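Asker: structure, please.
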Amino acid sequence: SGCSLVHCNNSFPYQAPTLLAAGWAGLPVAAHVRNPLTGSRLQRWLARRLAVVLPLHAGQEAQLRSWNLTNDVVRCPDGIELPPVQAVRVAALRHRLLPQGGVLLGSLGRLTPQKGYDELIAAAARLLPRHPEVRLVIFGEGAERPALQALIALHRLEERVLLAGYAPDTANLLAALDLFVCSSRWEGLPLVVLEAMLAGVPVVATRSALAGDPRLFSLLAAPPAEARDEALAQALEHALAHRASTAERSAAARRWVEAEFAPAAAARQIDAALAQRAGRDRRAQSFYEAAYRRPEWQRSAAEASGPGARFTKMWYRAVRQNVLPRLQLQGRRVLEIGCGYGWLAPYLTAGGADYVGLDLAESALRQFPRGLPVCMPVRADACRLPFAQGSFDVIFCLEVLEHIPERRALLSEICRVARPGAVVVLTTPSYCNLFLPLKLLADCGWSWCRRYLTRQPVDHTQFAFRLRALLSEYADVVEQRAIRLHPPLFERLEYRFGPGRGPARINDWLFQFEQRWATRFPWRHFGLHTCFLLRPHGVTVQAAARHRDAQDLHAGAEVARNTW
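Answerer: Numbers count the residues shown, from 1 in each chain. The predicted structure is shown next:
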């Protein structure tokens, strides 16, 4: 439908089909966490499919951060508000529920084992004989009604404990109560507790019910109880014995809920979380800005002196040996998306190309080679290219696609800026090889595998045959070539001994094998990386519309000419 972000309002473990469908479509997903998480491998795997995780309270946030997720975790509590209370309705409710006057205790919730109403009824059996003026009412429906009704009859509390059924009039129901009771065995942060505080009703709750935000403990009418009948009875006894002193605490609780859970503030918070992710990926920008400042990512002095100074990456070497000699570069406008510090720039400008290198990280562009004839580094978002339609004859996109959340947006932009008959050189990892088990274990959270496979903000699990099908929607696949049909151990030999020296000569033999067989079926699907030569179909309607809608973003792109 052309959307930029999918938002799942329910807890993400219940939205697995949506997550998988959005991943298939290349769309980022922001999902709430509204139910307790078990921390299973499935839940951790699903959580890593999200662009933004939105917990409701501090307990969920701490649990998610303990999973070492690379995506954003942004706490966004729900806004709490109640409609105006109708005094006539409140009086009618109290008269119906408490015809002889007295003290009304109440609770609202589904009649399920989670809510602990069996323990609450057992606590009432301990409490009510000592307080003849007290009556308990439970609003809600559920499968536990027959069992709870039988428990009430067992304790002979038919006249003192009432299962009132479902009632939507929450504000008036809460206002009719003298004391609200939350007896849940487990919860995160029950909204009904916050609504009771907002209504100015004193609250008694179990410790497990408010585990998501322990700040609420000091606002209760009694110390938080364990989810057992004896502890609940003691907490209720304490609240009834100190009713006079709970009024001030209830007023403080109301002010706290109004400040922390104001609807307008909650709306602004979730708007900011969704808008930031739907727009520019600032997390990725921060990652690469910091990465290119690390010594292992920086250009060496030998590389800065000119082309051919030092071997860096296998895919660069494969492109330089197998692709560049076949391209006509003289007088052509060439764009490299995700250029880093411009390792290809000397080779392309030496061939007579008018070179433009684009990257998201300014720290990379500052390391661009100096003194090249026609070379322009540009800082911009690859999914919102600041160039006119049909601007380039040759486009390089090396090891970028797997780090882009919206892959289709990138491919549409490449088609938009490509001239008719342009050539696109695209390389990307493929996991249809021995690395697939390591990759899957890393995605499932195995710490050793995550350390071994460097994980960047986005790291799609891709397969060459699926990539070919995706790219075929946007371009004709002229050639598909496997890169690195061997483990990365041999790449490290070049760093250790130098190109073509000692054991590193095995790389030359492997490259000879690749030059002969890497474009043939089935070898082209099994490299650790895959190189595609493409001829774009042309600008798509969606890309043209996106370009028109993003003119303000294009105008703000930062361009730094190579004028050192």
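Asker: distance between stretch 107-117 and the chain's centre?
Answerer: A distance of 32 Å separates the centroid of the chain from that of stretch 107-117, by CA atoms, centre = their mean, to the nearest Å.
Asker: buried stuff in it?
Answerer: For stretch 107-117, a neighbour-count test (16 or more other CB atoms under 10 Å) marks Ser107, Leu108, Gly109, Leu111, Gln114, Lys115, Gly116, Tyr117 as buried. For glycine as for every other residue, the C-beta is placed from the backbone atoms N, C-alpha and C.
Asker: now intersect those with the helices, please.
Answerer: Tyr117 (DSSP state H).
Asker: just the ones of the buried residues of stretch 107-117 in strands?
Answerer: Ser107, Leu108 (DSSP state E).
Asker: for the buried residues of stretch 107-117, which one is nearest Asp508?
Answerer: Distance to Asp508 across the buried residues of stretch 107-117 (CB to CB) is lowest for Gln114, with 65.4 Å.
Asker: any idea of the pLDDT on that closest one?
Answerer: Looking at Gln114, its pLDDT reads 91.
Asker: what about it, distance to Leu232?
Answerer: The gap separating Gln114 from Leu232 is 15 Å, by CB to CB, to the nearest Å.
Asker: coming back round to it: in TSV: the buried residues of stretch 107-117, plus distance to Leu329.
Answerer: Converted to TSV, the buried residues of stretch 107-117 look like this (distance: CB to CB, whole Å):
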residue	distance to Leu329
Ser107	75
Leu108	72
Gly109	70
Leu111	74
Gln114	67
Lys115	71
Gly116	73
Tyr117	76
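Asker: of the buried residues of stretch 107-117, which is the nearest to Glu248?
Answerer: Ser107 (23.4 Å).
Asker: OK, contacts around the closest one?
Answerer: By CB atoms under 8 Å, 6 or more residues apart in numbering, the residues touching Ser107 are Lys115, Tyr117, Leu120, Leu136, Val137, Ile138, Phe139, Gly140, Phe180, Val181, Cys182, Ser183.
Asker: ok, Ile395 - contacts?
Answerer: Val334, Leu335, Glu336, Ile337, Ile414, Val417, Ala418, Ala422, Val423, Val424, Val425.
Asker: which ones among the contacts of Ser107 map onto strands?
Answerer: Short answer: the contacts of Ser107 in strands (DSSP E) are Leu136, Val137, Ile138, Phe139, Phe180, Val181, Cys182.
Asker: now for these, which pair is the farthest apart?
Answerer: Largest separation among those by CB to CB: Val137 and Cys182, giving 14.2 Å.
Asker: select the longest strand from this protein.
Answerer: Every strand in the chain considered (DSSP E), the longest is strand 418-429.
Asker: elements contacting it?
Answerer: On a contact count with 3 or more CB pairs under 8 Å, 6 or more residues apart in numbering; DSSP states H and E, strand 418-429 meets helix 314-322, strand 392-398, strand 475-483, strand 529-536.
Asker: so which of these gets nearest Ser208?
Answerer: Per CB to CB, nearest to Ser208 of these: strand 529-536, 50.3 Å.
Asker: what sits up against the closest one?
Answerer: Residues contacting strand 529-536 (CB under 8 Å, 6+ apart): 314-315, 318-319, 322-323, 399, 414-415, 418, 421-430, 464, 467-468, 471, 474-484, 524.
Asker: ok so, going back, can you put the contacts of Ser107 in JSON lines and add distance to Gly23?
Answerer: JSON lines is the format used below for the contacts of Ser107 (distance: CB to CB, whole Å):
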{"residue": "Lys115", "distance to Gly23": "35"}
{"residue": "Tyr117", "distance to Gly23": "40"}
{"residue": "Leu120", "distance to Gly23": "43"}
{"residue": "Leu136", "distance to Gly23": "49"}
{"residue": "Val137", "distance to Gly23": "47"}
{"residue": "Ile138", "distance to Gly23": "43"}
{"residue": "Phe139", "distance to Gly23": "41"}
{"residue": "Gly140", "distance to Gly23": "37"}
{"residue": "Phe180", "distance to Gly23": "42"}
{"residue": "Val181", "distance to Gly23": "43"}
{"residue": "Cys182", "distance to Gly23": "38"}
{"residue": "Ser183", "distance to Gly23": "40"}
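Asker: nearest to Arg89 among those residues?
Answerer: Phe139 (14.3 Å).
Asker: isn't that closest one right up against Gly165?
Answerer: Yes. Using CB atoms under 8 Å, Phe139 makes contact with Gly165 at a distance of 7.1 Å.
Asker: need the residues touching each of these two.
Answerer: Common neighbours of Phe139 and Gly165 (CB under 8 Å, 6+ apart) do not exist.
Asker: assumed Leu148 was part of a strand.
Answerer: No. Counting by DSSP: H, G, I helix; E, B strand; the rest coil, Leu148 is located in no strand; its state is helix.
Asker: which non-adjacent residue is nearest it?
Answerer: Nearest residue to Leu148, sequence neighbours excluded (CB to CB, 6 or more residues apart in numbering): Tyr117, at 5.6 Å.
Asker: touching, the one you found and Gly106? I think so.
Answerer: No. Using CB under 8 Å as the test, Tyr117 is too far from Gly106 to be in contact (11.8 Å).
Asker: which residues do these two both contact?
Answerer: By CB under 8 Å, 6+ apart, the residues touching both Tyr117 and Gly106 are Ile138.
Asker: so who does the residue nearest to Leu148 touch?
Answerer: Per CB under 8 Å, 6+ apart, neighbours of Tyr117: Ser107, Gly109, Leu111, Ile138, Glu144, Leu148, Ser183.
Asker: re earlier: mean pLDDT and distance to Leu174 added to the helices and strands packed on strand 418-429, as CSV?
Answerer: Converted to CSV, these look like this (pLDDT from 0 to 100; distance: least, CB to CB, whole Å):
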stretch, mean pLDDT, distance to Leu174
helix 314-322, 79, 63
strand 392-398, 95, 58
strand 475-483, 89, 61
strand 529-536, 91, 61
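Asker: based on its surroundings, how many neighbours for Thr427?
Answerer: 26 (other CB atoms under 10 Å).
Asker: mind checking the end-to-end distance for stretch 199-218?
Answerer: Distance across stretch 199-218, first residue to last, is 17 Å (CA to CA, to the nearest Å).
Asker: again with stretch 213-221
Answerer: Where stretch 213-221 begins and where it ends lie 16 Å apart, using CA to CA.
Asker: avg pLDDT for that stretch?
Answerer: On average, stretch 213-221 scores 86.
Asker: distance to Ala241 added to the helices and strands packed on strand 418-429, as TSV?
Answerer: Shown next, in TSV, are the helices and strands packed on strand 418-429 (distance: least, CB to CB, whole Å):
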stretch	distance to Ala241
helix 314-322	75
strand 392-398	72
strand 475-483	77
strand 529-536	73
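Asker: how about those, which one is nearest Leu220?
Answerer: Checked against CB to CB, the stretch from the helices and strands packed on strand 418-429 lying closest is strand 392-398, at 58.0 Å.
Asker: contact partners of the longest helix seen in the chain?
Answerer: When the chain is parsed with DSSP H, its longest helix is helix 243-260. With contact meaning CB under 8 Å, 6+ apart, helix 243-260 is reached by 77, 80, 178, 194, 197-203, 215-216, 219-221, 239.
Asker: could you rerun that using 7 Å?
Answerer: Ile80, Leu194, Met197, Leu198, Gly200, Val201, Pro202, Leu219, Ala221, Ala239 (CB atoms under 7 Å, 6 or more residues apart in numbering).
Asker: do the same with stretch 426-434
Answerer: 315, 319, 397-399, 401-402, 439, 461-464, 467, 483, 525-532, 534.
Asker: ok, and for that stretch, which residues are buried?
Answerer: Buried residues in stretch 426-434 (16+ other CB under 10 Å): Leu426, Thr427, Thr428, Pro429, Ser430, Tyr431, Cys432, Asn433.
Asker: fine, thanks again, bye for now.
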